[in-house]
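Peer 1: coordinates only, sequence not included:
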């Protein structure tokens, strides 16, 4: 009854897939910088921020507008105008007698028989039935303090966005390193589990041989079969975990998980004699961005103050129409200055000044909080590194002890002084110790990378 149950519990280990090309940590970091979708979105935001500055300065560049109009009028209006005048003698005085008490005017000396009469008429269209008109206007801002502050704020916002993109890039690279080290650890776990499975199968073969010789009972054979089934299950579980880690890494790199990872070289050690907290204050882009945010809040405050000043602009306009109008010309032009001064806006500027004061206080507090968190991260990273290094040393000692235990147990088993269960336990302990030393070694190396990251050093190999 037990043998069929063991057969049902045993998992078949699939044949290994063809070896895929190895992806080194350096290559993974490079692909993350070039292909990560979150970084591509951040770069797009940086491009948008760059255009904000150009938009702000566009208000201080010449503005050229052109417009055209077509109108259909229900009636056409014309005006008759004389084309010339003649002097005609009508024979009798046409003006009233001059007042004898008033001096004679040289312009109108008094009664005269001569009058001025039009010699011809010309019709002028002042409203055409099909009326076309066009206008071209150029405006140049001469004095606009609010635009100065807006342009300065846009430039500061671009700088802050650039620092944010650099922060995101470092976070993505560190996340890539974390996933890569995790995949390497799982890959080595698969190898250790496979080696332990081979040992279990050798134990099963040896137990069958001893059972056939009558030196052990059938229980020893069943225990060996259970260990083989458990080993096959552990191998399959480790393989699936490794494939899952590769899938997560491939998603971060925006590619298919058609690669294998390779054990990376140890990262360069950091000089712990220097003040890493001070280095973080100087080099970390998130801290720099928080300081720039304070400057941006102050610039926005000035922008609100500048709105109390007037705006002065010069303009020139040229226009034409298919009707001459009263001027008798189809084209005309005008030039001048315009002054716009908002004397009272219902208290909006005062409210925005109070709001900007609060935003300045908020940004200052945020900047101090970012600096405090950075110092804490450096302290904890140093402690984590010291702990990881100590754990690695202890794990290496455990491997040496477990190796010796396997040697002694195997020797006793061959002499008949130890049971197969003791032998399996010793080898299982060695496998666990080997897994621990792999994990602790990778944790120590990753702790070095984390310390470099929180200290403000770019993650490069």
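Peer 2: Perfect, thanks for sending it. None of these values were measured; they are calculated from a predicted model.
Peer 1: check contacts around residue 175.
Peer 2: Applying C-beta atoms under 8 Å, 6 or more residues apart in numbering to residue 175 gives the contacts residue 252. The way it works is simple: take the backbone N, C-alpha and C, and place the C-beta from them, glycine included.
Peer 1: please repeat the previous calculation with a cut-off of 10 Å.
Peer 2: Listed by C-beta atoms under 10 Å, 6 or more residues apart in numbering, the contact partners of residue 175 are 32, 36, 38, 248, 249, 252.
Peer 1: show the pLDDT at the nearest residue to residue 306 once chain neighbours are set aside.
Peer 2: Spatial nearest neighbour of residue 306, excluding adjacent residues (C-beta to C-beta, 6 or more residues apart in numbering): residue 145 at 3.7 Å. Per-residue confidence (pLDDT) for residue 145: 89.
Peer 1: looks like residue 145 contacts residue 309 (just checking).
Peer 2: Yes. Under the criterion of C-beta atoms under 10 Å, residue 145 makes contact with residue 309 at 4.6 Å.
Peer 1: mind checking how far the residue lying closest to residue 418 once chain neighbours are set aside is from residue 129?
Peer 2: Once flanking residues are discounted, residue 418 sits nearest to residue 412: 3.7 Å by C-beta to C-beta, 6+ apart. Distance, residue 412 to residue 129, by C-beta to C-beta, to the nearest Å: 119 Å.
Peer 1: just to be sure, residue 387 is in a strand?
Peer 2: No. Under DSSP: H, G, I helix; E, B strand; the rest coil, residue 387 falls outside any strand and is assigned helix.
Peer 1: coming back round to it: neighbour count winner among residue 412 and residue 129?
Peer 2: Neighbour totals were compared for residue 412 and residue 129, and residue 412 leads with 15 against 12 (other C-beta atoms under 10 Å).
Peer 1: could I get the contacting residues of the more buried one?
Peer 2: 418, 419, 422, 423, 426.
Peer 1: for residue 386, same thing?
Peer 2: Going by C-beta under 10 Å, 6+ apart, residue 386 touches 272, 444, 447.
Peer 1: make a markdown table from those and add neighbour count to it.
Peer 2: Formatted as a markdown table, the contacts of residue 386 follow (neighbours: other C-beta atoms under 10 Å):
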| residue | neighbour count |
| --- | --- |
| 272 | 11 |
| 444 | 22 |
| 447 | 21 |
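Peer 1: so where is this structure shaky, pLDDT-wise?
Peer 2: 1-19, 80, 83, 92-111, 120-122, 325-326, 328, 420-421, 460-461 (pLDDT under 70).
Peer 1: quick one on the thing from earlier: so which helix or strand takes in the residue nearest to residue 418?
Peer 2: Using DSSP states H and E, residue 412 falls within helix 348-414.
Peer 1: hmm, residue 310 is touching residue 340, no?
Peer 2: Yes. Shown here, residue 310 and residue 340 form a contact pair, counting by C-beta under 10 Å, at 6.4 Å.
Peer 1: of these two, which one has the most company?
Peer 2: Between residue 310 and residue 340, counted using other C-beta under 10 Å, residue 310 has the larger neighbour count: 12 against 9.
Peer 1: for the more buried one, grab phi and psi.
Peer 2: Torsion angles at residue 310 (phi, psi; degrees, to the nearest 10) stand at phi -80, psi 170.
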